[in-house]
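> could you look at this predicted model? Sequence included:
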Amino acid sequence: MAESLSKGAAGAAAPLLEVRGLVKQFGGRRVVDDVSFAVARGETLGLVGESGSGKSTSARCVLRMLEADGGEIHFDGEDVLALERERLRRLRRRMQVVFQDPHGSLNRRRTVEQALAAPLAAHGIGDKATRRARVAELLELVGLSAGFAQRRPEQLSGGQAQRVAIARALALEPEFVVLDEAVSALDVSVRAQVLNLLRTLQRELGLTYLFISHDLAIVRYMAHHVAVMRHGRIVEAQPREQLFAHPQHEYTRSLMDAIPVADPETEQRRILGVS
Amino acid sequence: MSPALAALAVEGLTVVADAGRGRELPIVRDVSFTVARGARMGLVGESGSGKTMTAMAVMGLLRRPLRITAGSVRLGETDLRALRGRALGRVRGGRIGMIYQDPMRSLNPLHKVGDQISETIRLHTSLSRREAGARVLELLADVGIADAAAKARAYPHELSGGMRQRVMIAMALSADPEVLLCDEPTTALDVTTQRRIVELLVRISREREVAMVMITHDLGVAAGFCDEIAVMYAGRLVEQAPVRELYAAPRHPYTEALLGAACDLTLPLERPIPTIAGQPPLPGQLASGCSFHPRCPYAQEVCVEQRPPLETAADGGGRVACHFALTREEVRHG
């Protein structure tokens, strides 16, 4: 942790990702409205907000899964929005994404091994034997035994499927991973396992994360910096410690107040007090 | 409290899934609990623990390959398992209702929400169409929907997730139920909306004295909503206690682990979140003895060999199924 923080401080001068004045419209409505943020190398930016706040749309523009209507995106000095097909393809190796629904993002007819080897084959990396070895390595990296290689998605629990999705995202050794509500569908104990795994992977591989979540408690655990979005705009952005100690925006405070605490006394005072 | 006075009394409920060739997988194993009028119980556990199947069995909604093989479900004096056909239909959605995580599952996308509530009202009462229409507006106002007349004319997709959940609650209340089963009613909602729906359900349980069972894996939500918690693991109840006791001093190692893995604003940042090793078991692959023993840090030989019964705790405040509940308690107090 201290290690990744110091790494972050060193990279603070030149962020890995920098987004300036990003705009995305759907049907004339600005879903992302003048959004700017930066993510330092080896760090995590938490993008928090309720559904429809524009956080996922912003991330999709960064990954060029959606075309932005305005603004600038720079990744390691490259102008992402200006990239043509071949250079965009190369850039995409360095940026990956993990979505909320692990089962939905895996092809039901493919084994885990096929799912993990596919991105390697698509980029012409290795032959069959080296790809198989890489699959074994990836499984180990995310804490799954080699036996999982031959399983199909329906033979995986939610947590196991999400580990496979993470392994697939890491197959091409990216530097940057978007985690879009990546633990929101998981049970408490499995969610804790996956969060721990993501922090370990960041430390060991020097990964940079854009961590998208509606849950401030989880963002607090994962992110070095936090940006709070509402109605397509960032209403507050601060280093984690400052944001949680001194939230400036009323909306941030209301989000913090709404997080349930696993303590009946506190929680019932809040709820029964107003009912 | 005598079970006869309970709004809902479930006794020895056992559900299996037929897996073919005479093989039966245990899904719900000998589950018993009661909920008094106006009381709010939480049924807590991870996916696959059997909590939703328990609720579906209570509602009489199980379909093949699932079936109840033993146990009783009583609603006041009524034995629900003895009811068939129209008699069961009158009770279900009438005296006992259920709301789900995804309201779209129960709302018809092609009809205005007001018409759908009105239809439910007329199914369970003798009100005329006009009277039912007036009742719809009352109910929508009751569940905190401002501008009820306009919202009644909306189609489900025109409403936000929180609004749809309010509509579902209004529909469930339309027949004035004694018992409401809520299956992860806030899981799909944003935190601020989640808080308001929990507040609404608490208010309803108090004002109308509706007995509620909330199924959830979120111990934060359960902490605010419930006055009693029952924890399920691998189809069995492993602990039941008043909510404050359970959170302050969990008696079962699984409950303790679940509470430890919960993520809130007090979580220490510098170390990994405590987790429960391994995965919850599949129904066909239950461990011998205590089903939790492969994941339990306190497991001993006896846990592998003998299934601990669910027994009233030494101080009488709840029930727990653990060979070492008493020992652990002594250690805690010693």
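That came through fine.

> please name the nearest non-neighbouring residue to the residue of chain A found nearest chain B.
Of all residues in chain A, A:Pro260 sits closest to chain B, with a separation of 2.7 Å (Cβ to the nearest Cβ). The C-beta positions use only the backbone N, C-alpha and C, and glycine is treated the same way. Leaving out its chain neighbours, the residue that sits closest to A:Pro260 by Cβ to Cβ, 6 or more residues apart in numbering or on different chains is B:Gly220, at 2.7 Å.

> quick one, strands of the stretch 151-275 of chain A?
For the stretch 151-275 of chain A, applying DSSP state E, counting those that start in this stretch gives strands covering A:176-180, A:208-213, A:225-230, A:233-239.

> what would those strands look like in a markdown table with mean neighbour count, distance to chain B and mean pLDDT?
As requested, the strands of the stretch 151-275 of chain A are exported to a markdown table (neighbours: other Cβ atoms under 10 Å in any protein chain shown; distance: least, Cβ to the nearest Cβ, whole Å; pLDDT from 0 to 100):
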| stretch | mean neighbour count | distance to chain B | mean pLDDT |
| --- | --- | --- | --- |
| strand A:176-180 | 24 | 15 | 97 |
| strand A:208-213 | 26 | 10 | 97 |
| strand A:225-230 | 24 | 11 | 98 |
| strand A:233-239 | 18 | 13 | 98 |
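
> can you lay out these as TSV showing distance to B:Glu119?
Formatted as TSV, the strands of the stretch 151-275 of chain A follow (distance: least, Cβ to Cβ, whole Å):
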stretch	distance to B:Glu119
strand A:176-180	39
strand A:208-213	39
strand A:225-230	37
strand A:233-239	42
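
> gap between B:Ala258 and B:Glu184?
Quick fix: residue B:258 is Leu, not Ala. 16 Å (Cβ to Cβ, to the nearest Å).

> ditto for A:Pro247
Counting by Cβ to Cβ - A:Pro247 and B:Glu184 are separated by 29 Å.

> with A:Asp76 instead?
Distance, A:Asp76 to B:Glu184, using Cβ to Cβ: 42 Å.

> contact partners for residue 188?
Just so you know, I chose chain A. Shown in contact with A:Val188 (Cβ atoms under 8 Å, 6 or more residues apart in numbering or on different chains): B:46, B:217-219, B:258, B:261-263.

> please refer instead to chain B.
Contacts of B:Ala188 by Cβ under 8 Å, 6+ apart are B:101-102, B:161.

> okay, it: pLDDT?
For B:Ala188, the model assigns a pLDDT of 81.

> so where's chain A uncertain?
Scanning chain A for pLDDT under 70 picks out A:1-13, A:273-275.

> repeat that with 80
Along chain A, segments meeting pLDDT under 80 span A:1-13, A:102, A:272-275.

> any idea how far B:Gln279 lies from A:Ala40?
35 Å.

> sorry, back to before: the residue nearest to A:Pro260: what's it in contact with?
If you count contacts by Cβ under 8 Å, 6+ apart, B:Gly220 has them with A:259-262, A:267, B:262, B:264.

> helices - which of those residues land there?
If you go by DSSP state H, the contacts of B:Gly220 have A:Glu267 in helices.

> list the buried residues in the longest helix along chain A.
Taking DSSP H as the criterion, chain A has its longest helix at helix A:188-205. Across helix A:188-205, burial judged by 16 or more other Cβ atoms under 10 Å in any protein chain shown covers A:188-199, A:201-202.

> also stretch B:289-304?
Neighbour-count burial for stretch B:289-304, counted by 16+ other Cβ under 10 Å, picks out B:289-296, B:299, B:303.

> cool, stretch A:160-176 as well?
Neighbour-count burial for stretch A:160-176 flags A:160-172, A:174-176 (criterion: 16+ other Cβ under 10 Å).

> A:Leu198 against A:Leu179, yeah?
Yes. Contact between A:Leu198 and A:Leu179 holds when scored by Cβ atoms under 8 Å: they sit 6.9 Å apart.

> overlap of the contact sets of these two?
With Cβ under 8 Å, 6+ apart, A:Leu198 and A:Leu179 have common neighbours A:Tyr209.
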